[in-house]
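Novice: Sequence plus the predicted model coming up.
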Amino acid sequence: MDLLEYMGKEVFAAYGIPVSDGRICTTPDEVHAAAKEIGGQVVVKAQVQVGGRGKAGGIKLANDPDEARAHGDAILGMDIKGHTVERVWVEAATDIAKEYYASVTLDRRNGLPMYMVSAQGGVDIEEVADREPEAILKAHVDPLTGFKGFHAHYLTKTLDPEARAGAAEILEKMFTVFMEGDCSLVEINPLVLTPDGRVHALDAKVSVDDNALFRHPDYLAYRDILTTDPQEKIAKEKGIAYVKLDGSVGIMGNGAGLVMSTLDLVKLAGGAAANFLDVGGGASGEQIAAGLEIVLSDPKVRSVLVNIFGGIVRCDLVAQGILDALTRVELKVPMVVRLDGTNAEEGRRILQEASLDGVEAATTMWEAAELATQRASA
Ligand code: GDP
Ligand code: MN
């Protein structure tokens, strides 16, 4: 999960990395109030999960609250690389003497956290890497020994002498953010030196490993803010793997491989899947019901295809889960169910005896895909 800049800065502040005083705003009036409270020159910054906001016009300096409001008005609602700006971060403007780059990432090849530091910051770091790779200093840090003075000494020697001590402190704190937060990336671009000699994080990019989110309540709260899609929200709460797609055939299956091949077959049958939904190999009846509720609550869905192979999960429990779900949500679209594997016959019998309107059984995946596609276009 990629945190928004303001979230990253909240994390930085908690770890003692210097950031500017700022406020998060969703309306131009809030921007005006924030600018007034902060006082002096401010920066209005679009909060979207992509880089290059500056070049896209999503970052603007304002000399007074009225100007800030006007920038807020222009930036809120703006589309930046496919992301709509719903929030802006308003912070006290910083005087910049120098812009540097600093990051910690996970170097998977070496299996170690790796720092990259450059005196050429503010710009796209890939550009620097292409043009002048020697301008980026790299160092691996062993988590067992931690970030040491020699790492700081080596990495900061590329920076201006007056920035080295401040930068070294920030680099050390970045390591704590990285390790304690189960991060895959902690990046500051630009890390700036001010004319009065302070070193300061002007941007923040923090990516947290989704699989470790359960042990970070603060980051889970950020995830709730970042997940705006209602179906994705429920799926995350229930621990169901769900990805929204563009089509009209709602899909639910158990096991990522089975669901992927179901998507392929629907495509082959001339249809288009509305989603990927994997309730998991050992799904309970409760999970099945939750999964079905998610699929059925998407207004784009014109038909539903349930494809379950009973391995660990028993098909009779799946059938029961489907019945449970249908007592909670109304089935407004046709549903095709294919059950195979453990207790498949029993499962089919349960569904048949319930004689549900709009529910059809299919014996093979292909038959199910064709039928669901036909029903979606009917
Ligand atoms: P990005 O374009 O998405 O990476 O957004 P950044 O937060 O890195 O901002 C882009 C650029 O805007 C920075 O490299 C700075 O040159 C400029 N900028 C951002 N904040 C300030 C500020 O407080 N003062 C000044 N003078 N420039 C700023
Ligand atoms: Mn940046």
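Specialist: Happy to help now that I have it. Numbering: from 1, shown residues only. Ligands and ions are numbered 1, 2, ... in the order given.
Novice: okay, CA-based contacts and neighbour counts for the rest of this
Specialist: Noted.
Novice: Spit out the contact partners of the closest residue to ligand 1 within the stretch 151-300 of the chain.
Specialist: Residue of the stretch 151-300 of the chain nearest ligand 1, by CA to the nearest ligand atom: residue 203 (4.3 Å). Contacts for residue 203 (CA atoms under 8 Å, 6 or more residues apart in numbering) come out as 5, 9, 188-191.
Novice: Phi first, then psi, for it.
Specialist: According to degrees, to the nearest 10, the main-chain angles of residue 203 amount to phi -140, psi 160.
Novice: before we move on, what about residue 134?
Specialist: Per degrees, to the nearest 10, the backbone of residue 134 is at phi -70, psi -10.
Novice: Those residues of the stretch 101-250 of the chain touching ligand 1, which are they?
Specialist: 122, 189-190, 202-203 (CA under 6 Å from any ligand atom).
Novice: Going by length in residues, pull out the top helix of the protein.
Specialist: helix 164-180 (DSSP state H).
Novice: Check which element follows it along the chain.
Specialist: Remark: after helix 164-180, the chain's next helix or strand is strand 183-193, criterion DSSP states H and E.
Novice: in its sheet, what does that next one sit against?
Specialist: Note on strand 183-193: by DSSP bridges, its sheet partners are strand 98-107 (antiparallel), strand 199-201 (antiparallel), strand 205-208 (antiparallel).
Novice: closest to residue 297 among the residues of the stretch 101-250 of the chain next to ligand 1?
Specialist: For those, the minimum distance to residue 297 (CA to CA) is 38.0 Å, reached by residue 203.
Novice: quick one: that closest one and residue 71, what's the gap?
Specialist: Counting by CA to CA, to the nearest Å, the gap from residue 203 to residue 71 is 19 Å.
Novice: Residue 280 too?
Specialist: For residue 280, the distance to residue 71 equals 46 Å [CA to CA].
Novice: Same drill for these two, tell me which one is more crowded.
Specialist: Between residue 280 and residue 71, counting by other CA atoms under 10 Å, residue 71 is the more crowded of the two (24 against 18).
Novice: Might one say that the more buried one is in contact with residue 60?
Specialist: Yes - applying CA atoms under 8 Å, one finds residue 71 in contact with residue 60, separated by 6.6 Å.
Novice: Give me the common contacts of these two.
Specialist: Contact criterion CA under 8 Å, 6+ apart; residues shared by residue 71 and residue 60: residue 44.
Novice: So residue 234 is in contact with residue 293, correct?
Specialist: No - using CA under 8 Å, residue 234 is not in contact with residue 293, being 9.4 Å away.
Novice: Look at the two and report which has more neighbours.
Specialist: Neighbours were counted for residue 234 and for residue 293 using other CA under 10 Å; residue 293 has more, 21 against 17.
Novice: The more buried one against residue 329, yeah?
Specialist: Yes - between residue 293 and residue 329 there is a contact at 6.4 Å, judged by CA under 8 Å.
Novice: which residues do these two both contact?
Specialist: Counting by CA under 8 Å, 6+ apart, residue 293 and residue 329 have no contacts in common.
Novice: If you tally nearby residues, what's the number for the nearest residue to residue 233 once chain neighbours are set aside?
Specialist: Of all residues not flanking residue 233 in the chain, residue 227 sits nearest, at 6.0 Å (CA to CA, 6 or more residues apart in numbering). Other residues within reach of residue 227, judged by other CA under 10 Å, total 13.
Novice: show me where the stretch 51-200 of the chain has helices.
Specialist: Here the stretch 51-200 of the chain has its helices, by DSSP state H, counting those that start in this stretch, at 65-75, 125-131, 149-156, 164-180.
Novice: what does the longest one rub up against?
Specialist: Contact partners of helix 164-180, identified using CA under 8 Å, 6+ apart, comprise 11-12, 15-18, 102, 104, 143, 146-148, 152-153, 156-157, 183-186, 198-199.
Novice: likewise the third one?
Specialist: When contacts are taken as CA under 8 Å, 6+ apart, the neighbours of helix 149-156 outside the stretch itself are 116-117, 137-139, 141, 164, 167-168, 171-172.
Novice: Highest neighbour count among those residues?
Specialist: Most neighbours among those, by other CA under 10 Å: residue 117, with 29 neighbours.
Novice: For that one, give me its contacts.
Specialist: 100-103, 136-138, 155-156, 158.
Novice: so which of the residues you listed is the most crowded?
Specialist: Going by other CA under 10 Å, residue 102 tops the contacts of residue 117 with 28 neighbours.
Novice: circling back: the longest helix of the chain to strand 98-107, inter-axis angle?
Specialist: 30 degrees (axes from the mean of the first three to the mean of the last three CA atoms, to 10 degrees).
Novice: pLDDT of helix 164-180, averaged?
Specialist: What helix 164-180 shows for mean pLDDT is 98.
Novice: can you check stretch 251-270 too?
Specialist: Average pLDDT, stretch 251-270: 96.
Novice: So what touches that stretch?
Specialist: Outside stretch 251-270, the residues touching it (CA under 8 Å, 6+ apart) are 249, 272-281, 283, 291-292, 295, 304-309, 365-366, 369-370, 372-373.
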